[in-house]
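**Q** here you go, sequence then predicted model.
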Amino acid sequence: MARPKKTAYISDSDLSSWFKLGNYAGLAIANRQKWAQLILDRANLRLLAKDPENLGSVRTLFEKLEKDPLCELGFTYQWKSGHRLDTGSVRSLTVSRMVWLLDEVAAQQELVGDVLEMFEAIHTVSLEPGMEPQDPNIAIDELLLPHENSFSGSFAHLAVDLRATDQQIKSDLRKWLASWRKHADAKVMGGDYTTKMSRWHQSRVLPYFDLRLYADIRGQQISREKFAQLLGFADHPSPKDLLDQLSKTAGRIISFHTFHALHGRPT
C-alpha cells in the first residue's frame, strides 16, 4: 500500500497546540464512575462521527477535550427499569426493550415505516455490500453486530422452552453460549476493574483514542513515529509493539460495553 501523501498527515504544530500527555495524569486516581463517563462520552463521539452530517457538532465537542481531556461532555444513558424478575445477567424481553431493539435495527438498516413493513424490508437488505439477501431467520442480534450501538455484542435475546427439563435447558444453554460468544466475539468483562483502570492509564488507551479520533474527524492521519513520541513510547525498546496492542484494544475498551461493565449493569 502506498504511503499517504505528506499533506495527509496532521502537522506537528496542530498536534502540539492541544495534545499534552500530562493532561491525562488525573486518570491515575480516577474512579469507576469517572472512567465510565469518559468512555461513554468518547463512544458517543465516535458513533456520531460516522455520519458526515454530525462532524461539525463532533468537532465542537472535541474542542472541549482539547482544553481538558478529562472534562465530561454531558452524554447520559437512560437505564431501563426492566421486569421485576430480572437478574444481573438474565433479563426478560420486555415490550419497551423490544421497541428499542426494533428502533436500533431500523436505524442501522436505514429502514422506515411500521413494524411489519420493516420486517419485510429486513428480509431483502444486506449486512454488507455484495452479500446475499438476509435469511428471514437471522437473529435480530446479528443485524446489530456489524454496527456500534448499545446492544451490539453485549446482550442476546433468546426464547426458552419452559417445558424442557432444567438439565436439558442448562445443557443447551451452555452449548449455545459458547457458540454465540465466539460468533459475536463477546469478551467477558468481569474482573478487578481497579487493576484494569490502572492498566488502561499506563498503556495510554485514552490519549491514544483521542489522537485517533482527532485524526478521523479531520480526515487526516498521524504517523506511527508521532504517535510514539506523543504517547511517550519513543524510548521504549519496542514502541511498535505498544502501538500495535493499542490499535487492537483501544476500540474495544472505549465502548458502550465497557461503560455498562463499569456500572455493573447489562445493556
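**A** On my side now, so go ahead. Numbering: from 1, shown residues only.

**Q** C-alpha from now on. contacts and neighbour counts both.
**A** Will do.

**Q** buried set for stretch 206-218?
**A** Buried residues in stretch 206-218, defined by neighbour count with 16 or more other C-alpha atoms under 10 Å: 206, 207, 208, 209, 210, 211, 212, 213, 214, 215, 216, 217.

**Q** hmm, who's touching it?
**A** Stretch 206-218 is contacted from outside by 10, 21, 24, 46, 49, 55, 58-59, 62, 200, 221-222, 227, 231, 246, 250-251, 254, using C-alpha atoms under 8 Å, 6 or more residues apart in numbering.

**Q** over to the nearest residue to residue 228 once chain neighbours are set aside: give its phi and psi.
**A** Of all residues beyond its chain neighbours, the one nearest residue 228 is residue 234 (5.1 Å), with distances taken as C-alpha to C-alpha, 6 or more residues apart in numbering. Main-chain torsions, residue 234, degrees, to the nearest 10: phi -60, psi -40.

**Q** do residue 221 as well
**A** Backbone torsions of residue 221, given as degrees, to the nearest 10, read phi -130, psi 160.

**Q** wait, what's in contact with it?
**A** With C-alpha under 8 Å, 6+ apart, residue 221 has these contacts: 8, 9, 10, 215.

**Q** the closest residue to it other than its chain neighbours: how many residues sit nearby?
**A** Leaving out its chain neighbours, the residue that sits closest to residue 221 by C-alpha to C-alpha, 6+ apart is residue 9, at 4.6 Å. By other C-alpha atoms under 10 Å, 15 other residues sit near residue 9.

**Q** the one 4 residues further on too?
**A** Under the neighbour criterion other C-alpha under 10 Å, residue 13 is assigned a count of 8.

**Q** which element is it on?
**A** Assessed by DSSP states H and E, residue 13 sits inside helix 12-16.

**Q** starting at the chain centroid, how far to that helix?
**A** With C-alpha atoms, centre = their mean, to the nearest Å as the basis, helix 12-16 stands 28 Å off its chain's centre.

**Q** contact partners of that helix?
**A** Taking contacts as C-alpha under 8 Å, 6+ apart, no residue outside helix 12-16 touches it.
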